[in-house]
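1. this is the structure alone, sequence omitted:
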């Protein structure tokens, strides 16, 4: 299964692509989409959408995992971040891909860093898991951590063991999709 992880931001949006091949985690690519911080918000969002759409076309993931919004101190920052997150969800939906959301603390724990760990700890764990020497920006390492979180959730959910046939793998992917809930659900009628 190939997963695109996204760490949304209105000035820097990190992305990372990880694939699970026969039980091994394989790093396929990562990067940071940078926009002009002085540009109006709507133009920054447009650039983020165009660039993220190009990433989706290049790597052709089977699923997209997005880090959830953390609102602790500044509601305005969370709102702006929500716009960037919406761009990521839109681009994934336009590509017809399932989207999953993970809370930042869950992402940290899934790569072996504590829930209160800093970005350096996450980057070290991501580098260790994916056998990378370094990752230039925390946005990219966070995005890779989100992709790893999604793949790890599938492992915990009891997917088919490594080395299973492709037919069983497709079944495992289907099982993963069933066991992990998409970030959006249509509201239930009351």
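-> Received the coordinates, thanks. Computed from a predicted structure; not experimentally measured.

2. pretty sure residue 146 is touching residue 7, no?
-> Yes. Contact status for residue 146 versus residue 7: in contact at 6.3 Å, counting by Cβ atoms under 8 Å. C-beta coordinates here come from the backbone N, C-alpha and C atoms, glycine included.

3. flag the shaky bits of this protein, pLDDT-wise.
-> 70-73, 114-117, 155-190 (pLDDT under 70).

4. switch the cut-off to 50
-> 159-164, 177-179, 181-186, 189-190 (pLDDT under 50).

5. what segments of it are helices?
-> Listed in chain order, the helices of the chain (DSSP state H) span 41-59, 75-94, 104-110, 119-130, 138-156, 166-179.

6. neighbour count: residue 146 and residue 7, which is higher?
-> Comparing residue 146 with residue 7 by other Cβ atoms under 10 Å, the one with more neighbours is residue 146, at 32 against 28.

7. beta partners of the closest residue to residue 139 other than its chain neighbours?
-> Counting by Cβ to Cβ, 6 or more residues apart in numbering, residue 139 lies nearest to residue 14, which is 3.1 Å off, once chain neighbours are set aside. For residue 14, the beta-bridge partners are residue 7, residue 32 (DSSP bridges).

8. what's around residue 14, how many residues?
-> Neighbour tally, residue 14, other Cβ under 10 Å: 25.

9. quick revisit: with respect to residue 28, which of the helices of the chain lies nearest?
-> For residue 28, the closest of those is helix 41-59, at 6.1 Å, according to Cβ to Cβ.

10. what helices and strands are in contact with the closest one?
-> When contacts are defined as 3 or more Cβ pairs under 8 Å, 6 or more residues apart in numbering; DSSP states H and E, helix 41-59 sits against strand 2-7, strand 12-21, strand 24-34, helix 75-94.

11. which of these is buried the deepest?
-> Mean neighbour count, computed with mean count of other Cβ atoms under 10 Å, is highest for strand 2-7 among these, reaching a mean of 28.

12. contacts for that one, please.
-> Taking contacts as Cβ atoms under 8 Å, 6 or more residues apart in numbering, the residues outside strand 2-7 that touch it are 13-19, 28, 52, 55-56, 59-67, 88, 92, 97, 139-140, 142-151.

13. just want the angle from that strand to helix 138-156.
-> Strand 2-7 runs at 130 degrees relative to helix 138-156, counting by axes from the mean of the first three to the mean of the last three Cα atoms, to 10 degrees.

14. now strand 2-7 against helix 75-94, angle please.
-> Inter-element angle recorded for strand 2-7 and helix 75-94: 160 degrees (by the same axes, to 10 degrees).

15. unless I'm mixing things up, residue 53 is touching residue 92, no?
-> No. If you go by Cβ under 8 Å, residue 53 and residue 92 don't touch, sitting 9.7 Å apart.

16. shared neighbours of these two, anything?
-> Between them, residue 53 and residue 92 share no contacting residue, judged by Cβ under 8 Å, 6+ apart.

17. most tightly surrounded among the helices of the chain?
-> Mean neighbour counts were compared across the helices of the chain using mean count of other Cβ under 10 Å; the top stretch is helix 138-156, at a mean of 25.
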